[in-house]
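1. Sharing a sequence plus its predicted fold:
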Amino acid sequence: MKKGWFPKDESISEPFGKIDYLCGLLVLFISFGVYLHTLTPTVGFHDSGELITVAYTLGIAHPPGYPLYTLFGNLFITLIPIGNIAYRMNMESALFASLAVMMTYFIILKLSIINYQLSIIRIIPSVVAALILAFSATFWEQAVIAEKYTLNAFFFTLIIFILLKWQETQNSKLKTQNYLYLFAFLLGLSFCHHFQTIYLVPGSIFFILATSLRKSKVKSQKLKVENFFKKFTFYILHFTFFILLFLLPLTLWCYLPLRALQDPVLNWGDPDTLGKFFDHITAKHYQAYFVTSPKVLLQHLKIHIPFFSQQFPLYILWLSGIGLFFLAKKIKVLLFFLLIIGVNTLHSIRFNIPNIYDMYYIPSFILFSIFIGLGITGLSRKPALSFLFLILPFVLMAKNYEIRNKSSYYLAYDVGDNILRTTGDAPVIFESSDITGFPLFYHQQVLKKRPELIQVTLSFLGHPWYPILLQKTYPKEFSFSISEQTSVLSLDSYLHGFIEHNIAAHSIYIDSPDLIWSWPLVPAGLLFKAQFGNESIPDISYRIRIPKGHKDKNAEITLKNYVIAYNYLGKQKEAEAIQRSLLAKIQK
């Protein structure tokens, strides 16, 4: 190997210079500015409607509950008087995404192996790679909608930076244990938000032990017996304090049972007892989505591997291989990162939830952007070449701009609004799809539309807590059923019993006609109405704002539902217009 090709380990140590901090702020402002420009103006699909409603009403979200996200979201929308409630929550995602991008910049800067006399040349690779992460497809998608993944990304990058800072101070006179205390507290706080934090744990344990053992070898000496006991006591006390700092933020989980006892409007799982609380935080009801078959796991792995080339085109992705080569000089850091990617992959291929796998890999995408930054660092030996790399993030931004620009994306909002405008008196809606249900949460509970609406989530009816909660909340409407019978009754029998009991007083709708066959249904736009007498198909018109450059699955499904609805109404011209627009967008 030629001398000089594999560089000496010359890590940049803190404190960073003024130019380093200024460029970090520049990365923050560029990413945040782009996110604000492309921000979803109102409620979106995925979990957006649910999470906004939970934060606004201090309710309880789907498992594991996300207490930190809920409480911080409520504080954010209270303190930030800009735009509507949904816009504020979307802005919160953009802020955390931008902070994660900035922390990625500082991580790359800290790990940069080559020092240059010109500071700006040294900084460019970190700027380039951080912005590549910012404009990658999935990360950008999550940054412009109310979702939980960008807060998790911020914790992820912050914790990695703290551990790298701790390693850096091992040979100094600083109190290095303070960084581990901060690590413990942030790790516990991160677990109060999202259990994807588990991806960090095995790698962190390895990194801490490997670094500590190396330090012990360097400072090895014969200890007297009394010194041994002093050291032992010292480590026990510090380990105890470490555990306490980790456990302290976990007390935020108490929010779930305490709030459930107050019957919030959105009370997923109703975790007001120890058993229901434990089921909720362990996502017991999602166990059906996990697979253990080696054959299926391998199939998922084959499906998931292309995600990385979808985030980083090959003209960028190859730089990560160069970065891995240079990072080999820091073997502990390299193994730390590879362990995170391995755990992330092993955990993600277990899920059997369609169309949402890519967002599970955001921690690994962040690490690949770090590899890319280190690859650019290793190749940037000439100023001209270094400046040339600045083109890459903006090429990626141009590539993803149309599909990630959600500034005119009203499709989810319009779904909820159209349904509420076209339902009859005292409506009850049985919904089986998040595409229908979550925007309705936002319209009814946040915007206070149609307060008389009763919304029933069909997928919950198989869980004992939900029929009981419905009976407690709507005793008159659900007095027909006995909760103990729920597990015995078929869904068709349950719906038939409800309709028979309430059809005279309520307009009853369902979003899928295949779920009940023992009661006649009449098409009612995006829903189907339980027929009462000789009802005809109502004349319905919709406001549909088709987003530019849409290619997401939820938009495609929604527009196809509009086509079906208009065909039921006998309005073939409107259906054909949407169909033409849909095909044109998909074929772009």
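-> Looks like it arrived, so ask away. Here the structure is a predicted model, which means the values were calculated and not measured.
2. who's in contact with the closest residue to Leu274 other than its chain neighbours?
-> Sequence neighbours aside, Pro257 is the residue nearest to Leu274 in space, at 7.9 Å (criterion: C-beta to C-beta, 6 or more residues apart in numbering). All C-beta spots, glycine's among them, are computed from the backbone N, C-alpha and C. Neighbour list for Pro257: Pro271, Asp272, Thr273, Leu274, Phe277 [criterion: C-beta atoms under 8 Å, 6 or more residues apart in numbering].
3. Next one: Pro257 from Ile77, what distance?
-> Distance, Pro257 to Ile77, using C-beta to C-beta, to the nearest Å: 24 Å.
4. same thing with Ser536?
-> From Ser536 to Ile77 the distance is 43 Å (C-beta to C-beta).
5. Between those two, which is the more surrounded one?
-> Ile77 (24 against 7; other C-beta atoms under 10 Å).
6. Now name the helix or strand holding the nearest residue to that one once chain neighbours are set aside.
-> Nearest residue to Ile77 in three dimensions, chain neighbours excluded: Arg88, at 4.4 Å (C-beta to C-beta, 6+ apart). Take DSSP states H and E as the rule and Arg88 turns out to sit in helix 85-111.
7. so how far is the helix or strand that that helix is followed by off the chain centroid?
-> Note on helix 85-111: by DSSP H and E, the next helix or strand toward the C-terminus is helix 119-134. The chain centroid and the centroid of helix 119-134 are separated by 25 Å under C-alpha atoms, centre = their mean, to the nearest Å.
8. Report the mean confidence score over helix 119-134.
-> Per-residue pLDDT values over helix 119-134 give a mean of 90.
9. and after it, which helix or strand comes next?
-> For helix 119-134, the succeeding helix or strand toward the C-terminus, using DSSP H and E, is helix 137-143.
10. Which elements pack onto that following helix?
-> helix 18-37, helix 85-111, helix 119-134, helix 149-168, helix 307-311, helix 362-379, helix 391-404 (3 or more C-beta pairs under 8 Å, 6 or more residues apart in numbering; DSSP states H and E).
11. make it 7 Å
-> Packing partners of helix 137-143 (3 or more C-beta pairs under 7 Å, 6 or more residues apart in numbering; DSSP states H and E): helix 85-111, helix 149-168, helix 307-311, helix 362-379, helix 391-404.
12. Please parse the chain into its domains.
-> For the chain, automatic domain parsing gives the domain ranges 18-159+253-404, 411-545.
13. which of those has the lowest average pLDDT?
-> Among the domains of the chain, domain 411-545 scores lowest, with a mean of 86.
14. sorry, back to before: if we only consider the contacts of Pro257, which is nearest to Thr53?
-> Pro271 (17.3 Å; C-beta to C-beta).
15. The closest one in helix, strand or coil?
-> coil (DSSP: H, G, I helix; E, B strand; the rest coil).
16. so how many other residues sit close to it?
-> Neighbour number of Pro271 under other C-beta under 10 Å is 26.
17. wait, what's in contact with it?
-> Contacts were defined as C-beta atoms under 7 Å, 6 or more residues apart in numbering; by that measure Pro271 touches Ile60, Leu256, Pro257, Ala260, Phe277, His280.
18. ok, the most centrally placed residue in the chain - contacts?
-> The centroid of the chain falls nearest to Tyr149 when counting by C-alpha atoms, centre = their mean (2.5 Å). Counting by C-beta under 7 Å, 6+ apart, Tyr149 makes contact with Gln142, Met359, Ile362.
19. can you map out the strands along this structure?
-> Ranges of strands in the chain, per DSSP state E, are 427-431, 454-457, 507-510, 521-524, 527-530.
20. can you put the ones you listed in CSV and add mean neighbour count and distance to Tyr69?
-> Formatted as CSV, the strands of the chain follow (neighbours: other C-beta atoms under 10 Å; distance: least, C-beta to C-beta, whole Å):
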stretch, mean neighbour count, distance to Tyr69
strand 427-431, 23, 23
strand 454-457, 19, 20
strand 507-510, 24, 31
strand 521-524, 19, 35
strand 527-530, 24, 31
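21. The ones you listed: which one's closest to Tyr21?
-> Of all these, strand 454-457 comes closest under C-beta to C-beta, at 47.9 Å.
22. Direction included, what does that closest one pair against?
-> strand 427-431 (parallel) (DSSP bridges).
23. Show me what the partner strand is in contact with.
-> Residues contacting strand 427-431 (C-beta under 7 Å, 6+ apart): 437, 440, 450, 453-458, 495, 502, 506-511, 527.
24. For Ile540, grab the count of nearby residues.
-> 18.
25. and what of Ile353?
-> 10.
26. swap in Gln310?
-> Neighbour tally, Gln310, other C-beta under 10 Å: 13.
27. Surely it and Ala137 touch.
-> Yes - with contact defined as C-beta atoms under 7 Å, Gln310 reaches Ala137; the gap is 6.1 Å.
28. Now the residue nearest to the centre of the chain. Nearest residue, chain neighbours left out?
-> Gln142 (4.6 Å).
29. okay but that neighbour is in contact with Asn152, surely?
-> No - Gln142 is beyond contact range of Asn152, at 9.5 Å (criterion: C-beta under 7 Å).
30. quick one: terminal-to-terminal distance for stretch 302-309?
-> 13 Å (C-alpha to C-alpha, to the nearest Å).
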